[in-house]
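Participant: My questions concern the predicted model and sequence given below.
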Amino acid sequence: MSNRSVKRRFSLFAVSALLLLLAGCTGEEAGDDVEVNEQHYTVQRAPQGSITFALEVDLELLVEEGGINRSWFDGAASRGVNAISFEVLSREGTAIYDSPAIREAGFVVDPELGNALPALFGEAAERNMKVIVMLETVGHVVGDMKSYSGDIRASRMTPEWVSMLIAELAAEARRQGAELAFDEEALDEEYITAIKEATRREGIEYAHFFEDLKCRADLFISEDYAYYPYSASGDDLEYMRKIFRDGSYYGKLGFLNIMFGSARACNKPSGVATAGGWGLGARTHQNIALMRAVQFSPEFYMFIVGEDDSGRALPGEEEYVEGYNFSSELLPLIEEFGRKGSDKPKPLANLILDEPPLELELYGYYTDALLSSADAITNAILAAGYELAVTAEPLAEAELYYVFTPGEVFGEGGDISRELASLAEGDKPVFYQVVGIPQGENWAFVMNKLGIPSAEPIFNDDARRSFEPIPEEVTHTFPAGDYRVKYAGYSFEVWEEQLLGRFTLGHHLNYIPPEEVEGEVLLAGTISKDGGAGKTALIVRRGNAFFVNGGHLHLEASSLLANIMAELRGRPPAYNAPSYGYFTNGESRAVFFSPYAVEVDLNVYGGSRVTEFDEAGRRVEPGVRLEEGRLRGRVERFHLVVVD
């Protein structure tokens, strides 16, 4: 039904890593109380009529011999589908429309499907369905991401050409009375800007997959396809290889929280697109959609069949998606469990992505670290009961800041900006996490504020070895006792899948002897150093400033960060014990999604009713119990638990 590939950001990481493989590289006031000023933010629920329920559809379902498959449209409309998404162009060099722009790029009308687009627009208009034209083939061709027909003139497919294509399709949609939108992924900056300008001129919607810190899109859509693997061995290693082959490691649920936080900061609507076959279950679509409804109140929901390159899907997924009734199944759940305007608002946490310039090799190392750490960072923020906003610069209205910054990696990058460093002088909590080495005058100021007199960098500079400078696990005291918690995260951005689970090139840790720290050491761990073992500070606090050591964090480390953040706002620890999964907390409702069968022990901040859904979205007897705000018990794999 679909072969949407997840966007892989442009990255020089693999190239620089290969060069290092070939050539080598050398180098290897404590306890102050801070209170969060509880200025809260409310997400307004979209009115029922404005929610979009979409399917991404293969053209073979829409067009049959002799014309349009009207029965498909009738069936989809009866199930609440009010938007469909498909490609007009194909990598085989065919198209379902004939226009000057399409001919200029070397495409010809599909000999089997014909010039079907006008009739498809007409059928959609008759049923008040929006048509979303995917520009995925454009991204695959101009980015040389996938093979394509030699008849396609890739050099003609410039940003100006894309603008002309949009104008031609928009004119046809107007002639047929259809509502049109465009979506894209995997396109460079100049294309994104051109699409935004062209859609604005035509008065049509532009949807962008993943975040855009420049706020250009009208709608931000996730690609919720995968989860963070617990280990890097056995079945989990095979899972890492699968999501690497599919490209769906960019679709990890925690990483996609960034997209929703970016939409929040841009004051733009958000949407969720989810599939099973690229890293989730054949029938997990409803649970993921409902989780997002509780977390972020999206206005757009799209179910996709996750097929591999040979067209194979998980058994049962295609039947599930094609027969799913949004009107009778998902919509009532959104109305019952989703966030509402009457919910108690949450304090705002601002994740600041201090991205290096795209042309630097440093950008690749930064992206790899963010792919590893984002699940931990965003899950901690949500589990502690904060609203998430993601930006490139600090938001004045935020009540907690988390700065993810590159530092220096293999001679590139270095100092943090004065603006970000000055957050340590304020009265709001600020967490600093650096990918590489904290070098420069402004970093010296931050480290002085933290009471860290020295930090010796330890890192892997040889792609031929799997030395991990960051502690794999740490021992930490939770309310329910002492537990071992995974701390070091994984690299997902590698140049061949055989390296997964052991690739640590560019992983950095700053060796900070705990006894030398003037601030409070909240977490310490044991590392390999000088042929032996050494103890280093991992999370340091002094006053309002926190330092999180290590560029690559594991999802399970979110339990450590969440408890710290919860205390800052005067709430109980979110985690009584490590509970592996995705947890969003709040005074009105909470939600937990489990990628594995796990025992959970959590504190929820509001709600008294517990509802559990199995993998297929059916209500089941809860395996957890809620007593005085403490949620304990067993959650099975791919189950969803909602407390309201």
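Facilitator: Arrived safely.
Participant: what's the longest helix in the protein?
Facilitator: Once the chain is assigned using DSSP state H, the helix that runs over the most residues is helix 361-383.
Participant: what distance separates the helix or strand that that helix is followed by from the centre of its chain?
Facilitator: Remark: after helix 361-383, the chain's next helix or strand is strand 387-391, criterion DSSP states H and E. Computed by C-alpha atoms, centre = their mean, to the nearest Å, the separation of strand 387-391 from the middle of its chain amounts to 13 Å.
Participant: What angle do helix 361-383 and strand 387-391 make with each other?
Facilitator: Between strand 387-391 and helix 361-383, the angle comes out at 160 degrees (axes from the mean of the first three to the mean of the last three C-alpha atoms, to 10 degrees).
Participant: and strand 387-391, what does it pack onto?
Facilitator: Judged by 3 or more C-beta pairs under 8 Å, 6 or more residues apart in numbering; DSSP states H and E, strand 387-391 is in contact with helix 253-266, strand 346-353, helix 361-383. For every residue, glycine as well, the C-beta is placed using N, CA and C.
Participant: quick one: buried residues of the host helix or strand of Ala167?
Facilitator: Assigned by DSSP H and E, Ala167 belongs to helix 159-176. Using 16 or more other C-beta atoms under 10 Å as the burial criterion, the residues of helix 159-176 that qualify are Pro159, Trp161, Val162, Ser163, Met164, Leu165, Ile166, Glu168, Leu169, Ala170, Ala173, Gln176.
Participant: ok, which stretches of the stretch 101-250 of the chain are strands?
Facilitator: Secondary structure of the stretch 101-250 of the chain by DSSP state E, counting those that start in this stretch: the strands cover 108-109, 130-134, 180-184, 205-209, 219-221.
Participant: follow-up on the earlier one: CA atoms only: put the helix holding Ala167 into CSV for me.
Facilitator: Presented in CSV, the C-alpha positions along helix 159-176 are these (Å, rounded to 0.1, in the frame of the first residue of the first chain):
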residue,chain,number,x,y,z
PRO,A,159,13.3,24.5,-6.7
GLU,A,160,11.8,26.8,-9.5
TRP,A,161,10.6,23.6,-11.3
VAL,A,162,8.9,22.4,-8.1
SER,A,163,7.2,25.8,-7.8
MET,A,164,5.9,25.4,-11.4
LEU,A,165,4.7,21.9,-10.6
ILE,A,166,2.8,23.1,-7.6
ALA,A,167,1.1,25.9,-9.6
GLU,A,168,0.0,23.5,-12.4
LEU,A,169,-1.5,21.0,-9.9
ALA,A,170,-3.2,23.7,-7.9
ALA,A,171,-4.8,25.1,-11.1
GLU,A,172,-6.2,21.6,-11.9
ALA,A,173,-7.5,21.1,-8.4
ARG,A,174,-9.3,24.4,-8.6
ARG,A,175,-10.9,23.4,-11.9
GLN,A,176,-12.2,20.2,-10.3
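Participant: Quick check, pLDDT for the nearest residue in space to Val390 that is not next to it in sequence.
Facilitator: Distances taken as C-beta to C-beta, 6 or more residues apart in numbering put Gly261 closest to Val390, at 3.5 Å, once the chain neighbours are dropped. Note for Gly261: predicted pLDDT of 98.
Participant: Equivalent analysis for Tyr97, please.
Facilitator: 97.
Participant: Surely it and Val88 touch.
Facilitator: Yes - Tyr97 is in contact with Val88 according to C-beta atoms under 8 Å; the separation is 5.6 Å.
Participant: Quickly list what's touching both of the two.
Facilitator: Leu117, Leu169 (C-beta atoms under 8 Å, 6 or more residues apart in numbering).
Participant: Quick check: phi and psi at Thr526.
Facilitator: phi -100, psi 130 (degrees, to the nearest 10).
Participant: The nearest residue to it once chain neighbours are set aside: neighbouring residues, count only.
Facilitator: In this structure, Thr526 finds its nearest non-sequential neighbour in Ala533, 5.3 Å apart by C-beta to C-beta, 6+ apart. For Ala533, the tally of surrounding residues (other C-beta atoms under 10 Å) stands at 9.
Participant: Roughly how far does Ala533 sit from Ile527?
Facilitator: 7 Å (C-beta to C-beta, to the nearest Å).
Participant: overlap in contacts of these two?
Facilitator: In contact with both Ala533 and Ile527: no residue, using C-beta under 8 Å, 6+ apart.
Participant: sorry, back to before: what's the helix holding Ala167 packed up against?
Facilitator: helix 100-104, helix 117-126, strand 180-184, helix 189-202.
Participant: again, only using 6 Å
Facilitator: If you count contacts as 3 or more C-beta pairs under 6 Å, 6 or more residues apart in numbering; DSSP states H and E, helix 159-176 packs onto helix 100-104, helix 117-126, helix 189-202.
Participant: Nearest residue to the middle of this structure?
Facilitator: Leu256 (1.4 Å; C-alpha atoms, centre = their mean).
Participant: now that one: how far from Glu123?
Facilitator: For Leu256 relative to Glu123 (C-beta to C-beta), the value is 32 Å.
Participant: for Asp343, same thing?
Facilitator: 39 Å.
Participant: What average pLDDT does the helix holding Ala167 get?
Facilitator: Helix 159-176 comes out at a mean pLDDT of 98.
Participant: now that helix and strand 130-134, what's the angle there?
Facilitator: 160 degrees.
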